[in-house]
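Student: here is the input, now give the coordinates:
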Amino acid sequence: MKAAYAPYRLNFITPGGTSRGVMNYKDTYFIKIWNEDYPELFGLGECPLFKGLSIEDDDTYEPKLNELCRNIENNIPTDLSAYSSIKFGLESAIYDYTNGCRRIYFHSDFTKGNCRIPINGLVWMGTKEQMLMRIDEKIKSGFKTLKLKIGAIDFSSELEMIDYIRCKFSPEQLEIRLDANGGFSIDNAMDRLTKLSLLDIHSIEQPIMAGQWNEMSYLCSNSPIPIALDEELIGITDLLVMNELLKTISPQYIILKPSLMGGLSGAEEWLKMAAQYNIGGWITSALESNVGLNTLAQWVAILQVKIPQGLGTGNLYSNNINSPLEQKEDYIFHNVNNKWALPDLNWSE
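Tutor: Reported below is the predicted structural model:
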């Protein structure tokens with residue numbers, strides 16, 4: 001068995017604003033595995049390193065990719081416990097290779113084009129005017145669930161903006177999810193959550209920074225808005241620690257980003273453990289290209305989810321990978337008539 005990896009830079013059509021700054025591009029890596037007797041047939045996966053967020057963002061990343069490829073060729077196992085995105089990419093490539101190297105990671109009615117997955121509309125941070133314009137565009141596009149990233153402008157303006165939306169659309173017409181990316185402080189979080197609750201918010205992701213288990217537990221117990229953990233889960237792969245976190249904090253939801261939490265197998269462990277505590281959740285892209293997004297969508301399809309997922313990121317980039325994945329209104333589907341088209345990539349050898 002042979003293996004190689006290649007870097008790729010994804011360029012945002014519109015810069016993406018978060019509480020950690022504005023992103024103009026996102027670097028990612030692809031990995032492929034193949035039988036040297038049939039090099040034209042290969043399993044493909046994406047290792048979507050998330051610079052600035054992932055704990056694996058350091059100068060050991062490419063050396064680890066190189067080590068993995070050499071180890072695959074020599075049939076030697078590789079410790080990827082600290083490299084969730086590489087594990088995600090490798091798992092994806094193996095699923096693809098096993099299923100015939102056609103980018104069918106998981107067989108289902110979804111990959112046959114017979115069903116679709118509901119998604120939320122993602123609204124990046126910006127000025128109040130920019131965000132209102134983006135919200136209006138999403139609603140006109142047919143979205144019935146919006147996820148708003150907050151924390152870039154002053155809180156009073158954000159309240160006014162959300163109040164403006166709620167005055168136009170009832171909770172039955174439009175579900176509003178918020179993502180604070182840890183932007184609230186311990187001192188102001190409860191006051192802000194209380195004010196936001198008057199606007200019929202479905203949930204809020206990560207109101208305070210990760211790592212403050214007791215404080216987050218207090219918020220989850222007392223917040224008038226259901227709280228979802230996001231960054232809190234990143235980098236935790238030990239089953240005992242996972243269990244202790246969920247038991248201590250007891251959130252209403254968890255947000256699963258497989259490429260940041262132990263790959264698909266790690267995300268499955270989180271799902272099973274959350275179910276034991278009656279904790280809900282959904283799957284969200286970590287801004288993968290269409291390669292990783294196809295893996296996620298096909299995996300979500302076999303989970304048979306009903307609520308909107310955070311997988312509407314395929315149209316963010318000007319140079320995304322052409323694939324069968326399409327978005328229409330507030331859902332994504334697998335268009336069997338569309339073909340994959342990979343760009344020329346600089347594969348390691």
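
Student: what sits against the spatially most central residue of the chain?
Tutor: Closest to where the C-alpha atoms of the chain average out (C-alpha atoms, centre = their mean) is residue 285, at 2.0 Å. Contact analysis of residue 285 by C-beta atoms under 8 Å, 6 or more residues apart in numbering lists 257, 292, 293, 296, 310, 311, 312, 313. Bear in mind the C-beta positions are built from the backbone N, C-alpha and C, glycine included.

Student: now, which of those residues lie within helices?
Tutor: 292, 293, 296 (DSSP state H).

Student: just give me the closest of those residues to residue 126.
Tutor: Among those, residue 293 lies closest to residue 126 (C-beta to C-beta), at 23.3 Å.

Student: tell me how far the closest one lies from residue 218.
Tutor: 36 Å (C-beta to C-beta, to the nearest Å).

Student: repeat that for residue 334.
Tutor: Here the criterion is C-beta to C-beta. By it, residue 334 lies 43 Å from residue 218.

Student: more neighbours: the two, which one.
Tutor: residue 334 (24 against 15; other C-beta atoms under 10 Å).

Student: list the beta-bridge partners for the more buried one.
Tutor: Note on residue 334: beta-bridge partners residue 325, judged by DSSP bridges.

Student: model confidence for it, exactly?
Tutor: We have a pLDDT of 97 for residue 334.

Student: longest strand anywhere in this protein?
Tutor: Longest strand in the chain, counting residues (DSSP state E): strand 2-18.

Student: send over that strand as CSV, restricted to the C-alpha atoms.
Tutor: Written as CSV, here are the backbone C-alpha positions of strand 2-18 (Å, rounded to 0.1, in the frame of the first residue of the first chain):
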residue,chain,number,x,y,z
LYS,A,2,1.2,3.5,-0.9
ALA,A,3,0.3,6.9,0.6
ALA,A,4,0.9,10.6,-0.1
TYR,A,5,-0.3,13.9,1.1
ALA,A,6,-0.7,17.3,-0.5
PRO,A,7,-1.3,20.8,0.9
TYR,A,8,-4.1,23.0,-0.5
ARG,A,9,-5.1,26.6,0.3
LEU,A,10,-8.8,27.4,0.3
ASN,A,11,-9.7,31.1,-0.4
PHE,A,12,-12.8,32.6,1.2
ILE,A,13,-15.1,34.4,-1.2
THR,A,14,-16.0,36.8,1.7
PRO,A,15,-13.6,37.0,4.7
GLY,A,16,-15.0,35.0,7.6
GLY,A,17,-15.2,36.9,10.9
THR,A,18,-15.1,35.2,14.3
